[in-house]
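Participant: Model the structure of this input:
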Amino acid sequence: QLQAFGGGLVQPGGFLTLSCATSGFIFDDYAIAWFRQAPGKEREGVACVGSSGERKYYADTAKGRFTVSRNNPKNTAALQMDSLQPADTAVYYCAARAGSLYPTIRNADYWGQGTQVTVSS
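Facilitator: Numbering: from 1, shown residues only. Below you'll find the model as predicted:
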């Protein structure tokens, strides 16, 4: 019911936009979060957006470089990533949680399969 896509190989300083396509639930009722997991590291939160799109949260590593958004009529969310660095290399996941609280690693109703982002020259 969630599928993240749009990953790929990008050079340092480059940009990518990830998309999260959803189905099977009332998208407007769910907050969306993006997570990432680098090899050998724990999964971490990157950015969140509330159900209406007005509330947003960014992890420190994403502030100023990433922009989270959603398109409720199309049941999609996006993560625009600029100024990418090798440290951003990870598998990126989107997750959904019903209500006003953001999804967390332990509290998400739906998880999408990840998409690989590799930042390398």
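
Participant: can you pull out the strands in this structure?
Facilitator: Along the chain, the segments classed as strands by DSSP state E run 2-5, 8-10, 16-22, 30-37, 44-49, 56-58, 66-71, 76-81, 90-98, 110-111, 115-119.

Participant: okay, the ones you listed in TSV with mean pLDDT, distance to Thr104 and mean neighbour count next?
Facilitator: The C-beta positions use only the backbone N, C-alpha and C, and glycine is treated the same way. As requested, those are exported to TSV (pLDDT from 0 to 100; distance: least, Cβ to Cβ, whole Å; neighbours: other Cβ atoms under 10 Å):
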stretch	mean pLDDT	distance to Thr104	mean neighbour count
strand 2-5	95	15	19
strand 8-10	98	27	14
strand 16-22	97	17	20
strand 30-37	98	8	24
strand 44-49	97	7	21
strand 56-58	97	11	16
strand 66-71	98	15	18
strand 76-81	98	16	22
strand 90-98	97	8	23
strand 110-111	95	12	18
strand 115-119	98	20	18
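
Participant: need the contact list for Gly112.
Facilitator: By Cβ atoms under 8 Å, 6 or more residues apart in numbering, the residues touching Gly112 are 1-4, 20, 93-95.

Participant: at 6 Å instead, please
Facilitator: 2-4, 20, 93-94 (Cβ atoms under 6 Å, 6 or more residues apart in numbering).

Participant: likewise Leu84?
Facilitator: Leu84 touches 10, 14, 119, counting by Cβ under 6 Å, 6+ apart.

Participant: swap in Ser83?
Facilitator: Neighbour list for Ser83: Arg65 [criterion: Cβ under 6 Å, 6+ apart].

Participant: run the last query once more with 7 Å
Facilitator: With contact taken as Cβ atoms under 7 Å, 6 or more residues apart in numbering, Ser83 is in contact with 13, 65.

Participant: distance of it from Tyr30?
Facilitator: 29 Å (Cβ to Cβ, to the nearest Å).

Participant: what do you get for Ser52?
Facilitator: Ser52 is 11 Å from Tyr30, by Cβ to Cβ.
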